[in-house]
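sequence first, then the predicted structure:
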Amino acid sequence: MCINIFRFLALSFLVTTSGANALRVMSIDQCPPLTPRTQQPFDVRTLRPDDIKAIAGLGDSYMAGARMFAENTVLPPPLIMEYRGLSYAMGGNPGAKTVPKFFQHYSPNITGASIGQRPTSHCTEIGCGFGTYVGNPYIPNVDQLNAALSGAMAVNLDLELDYLILSLRRMHGLDFENDWKMITLNIGGNDQCSICGGPRADVASPEKYGAFVRAAVERIHQNVPRVIVNLLGPQKMSKVYNITVGRKYCYPPGGNSSALLVNVCECLEGQNPNPQAMDDAVDGYSEKLREIHEYYNANPDPGFGVIYTPADLDTSTYLLSEVLSNVDCIHPTVVGHQWLAKCLWNDLFFPLSRKRKTWTFNANEKIYCPTDEDTIRID
């Protein structure tokens, strides 16, 4: 009995002090290496960054790195680019400050990150594709394992998984059955903007959102061995609107880019705007993500884990021209993506109870250096 008590106290001490003495640095290159593993881990709860051999993404235009660079004029949609190689969660460009590049510091041969840029493909109520064409919306040599699509809602996750699962099986240098993988899922911006009406309102409720995400997670569970799925909470777009409407930065020569948010968000249009409905929807989406996380943690599988990261962005701390691109005053700049990458990385090594409830903007956010004792926390 005493031995069990001592073991409990020792474990509690390790959990409480984990990360207390770890370094936080400005560049991932300043982080010391981890002691090499003597054997590959067999349990998802023991994974370190050096164990991850492939990284993948599901989501919408944030994950796709859309509209990242500010312009001095408003561009027509066919000319708007996705800078996937700089996406916070999936960018693999040389020198990028992204989650895949942070992993690469510890796992040099990690695969899956996007490279470069490409024209935007888009999802609407009739399907996903380029321009008015509905068909294959992917460019594999750029996208790699980034299956995110601009305009996507949770209802489109099944389409994204069609591409992702096949790409994982075909990925050069990846042992599909035995290598550990991480998939980041961040979706909900377009769902909340459809909650008040329009052609996709019937699939935008928290109940529908939760069902689509749960089905996607279970499809991954059944079809992708040795994987962690990180569920990111969606941002409240009404908060973005509140800090951008009427701001000079959002009125570049050639038009009013902040009006684009009104155009895609039914709840911000017309004589009776209802941003509270959007906020309520996001609260509902976040609760569904939390429930999915709790379900898989209550039903453990050594080869599968689910993380829930609230990722509540504090827009009141934004320096507008640093964080949001004036292409539409919705999507992050490259500085914004770098900040998101650091916040996402830093939260990986803490349980939900110790993850930050809100992410406060800081262009000089420091990067957490995991120690040999740190694991990617799914609890």
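Alright, I've got the coordinates. Numbers count the residues shown, from 1 in each chain.

alpha carbons of the helix or strand harbouring Ile183, as CSV, please.
Secondary structure from DSSP states H and E places Ile183 in strand 180-186. Taking Å, rounded to 0.1, in the frame of the first residue of the first chain, the C-alpha atoms of strand 180-186 are listed here in CSV:
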residue,chain,number,x,y,z
TRP,A,180,3.9,7.1,-36.3
LYS,A,181,1.8,10.0,-37.8
MET,A,182,0.2,13.2,-36.7
ILE,A,183,-2.9,14.7,-38.3
THR,A,184,-4.0,18.2,-37.3
LEU,A,185,-7.7,19.0,-37.9
ASN,A,186,-8.9,22.6,-37.8
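
looking at this structure, which helix or strand is least sure?
helix 2-17 (a mean of 39; mean pLDDT, DSSP states H and E).

name every strand pairing with the next helix or strand after that helix and say which way it goes.
Under the assignment DSSP H and E, the closest C-terminal helix or strand after helix 2-17 is strand 24-25. Counting by DSSP bridges, the strands paired with strand 24-25 are strand 367-368 (antiparallel).

who's in contact with the strand it pairs with?
The contact list for strand 367-368 (C-beta atoms under 8 Å, 6 or more residues apart in numbering) reads 19, 22-28, 31, 102, 342, 345-346, 349. For glycine as for every other residue, the C-beta is placed from the backbone atoms N, C-alpha and C.

try 7 Å
Under the contact criterion C-beta atoms under 7 Å, 6 or more residues apart in numbering, strand 367-368 has outside partners Ala22, Arg24, Val25, Ile28, Phe102, Lys342, Trp345, Asn346, Phe349.

same deal with stretch 163-179?
When contacts are defined by C-beta under 7 Å, 6+ apart, stretch 163-179 is touched by residues 53-54, 56, 58, 109, 111-112, 138, 140, 145, 147, 223-226.

for PyMOL, write a command that selects the buried ones of those residues.
For the buried members of these, the matching PyMOL selection, counting by 16 or more other C-beta atoms under 10 Å, is:
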select buried, resi 53+54+56+58+111+112+138+145+147+224+225+226
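
of the contacts of stretch 163-179, closest to Lys288?
Using C-beta to C-beta, Leu58 is the member of those that sits closest to Lys288, with 15.4 Å.

how about that closest one, nearest residue that isn't a chain neighbour?
Spatial nearest neighbour of Leu58, excluding adjacent residues (C-beta to C-beta, 6 or more residues apart in numbering): Leu185 at 4.5 Å.

bridge partners for that neighbour, pull those for me.
Beta-bridge partners, per DSSP bridges, of Leu185: Leu58, Leu231.

how close does it sit to Lys342?
To Lys342, Leu185 is 19 Å away according to C-beta to C-beta, to the nearest Å.

and if you look at Ala56?
The gap separating Ala56 from Lys342 is 20 Å, by C-beta to C-beta.

ok, now Ala201?
35 Å.

just to revisit the earlier point, list the helices and strands the strand holding Ile183 packs on?
strand 52-59, strand 227-232 (3 or more C-beta pairs under 7 Å, 6 or more residues apart in numbering; DSSP states H and E).

low pLDDT regions in this structure?
Residues of the chain meeting the criterion pLDDT under 70: 1-20, 70-79, 132-133, 252-260, 262-263, 270-271.

hmm, back to that, who wins on neighbours among the contacts of strand 367-368?
Greatest neighbour count in the contacts of strand 367-368, by other C-beta atoms under 10 Å, goes to Lys342: 26 neighbours.

then whichever helix or strand that residue is part of to CSV, C-alphas only?
Assigned by DSSP H and E, Lys342 belongs to helix 334-347. Presented in CSV, the C-alpha positions along helix 334-347 are these (Å, rounded to 0.1, in the frame of the first residue of the first chain):
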residue,chain,number,x,y,z
VAL,A,334,3.0,34.9,-42.5
VAL,A,335,3.7,36.5,-39.0
GLY,A,336,0.3,35.3,-37.9
HIS,A,337,1.0,31.8,-39.1
GLN,A,338,4.3,31.8,-37.3
TRP,A,339,2.6,32.8,-34.1
LEU,A,340,-0.1,30.1,-34.5
ALA,A,341,2.6,27.5,-35.2
LYS,A,342,4.5,28.3,-31.9
CYS,A,343,1.3,28.3,-29.9
LEU,A,344,0.2,24.9,-31.4
TRP,A,345,3.6,23.4,-30.9
ASN,A,346,4.0,24.6,-27.3
ASP,A,347,0.6,23.2,-26.3
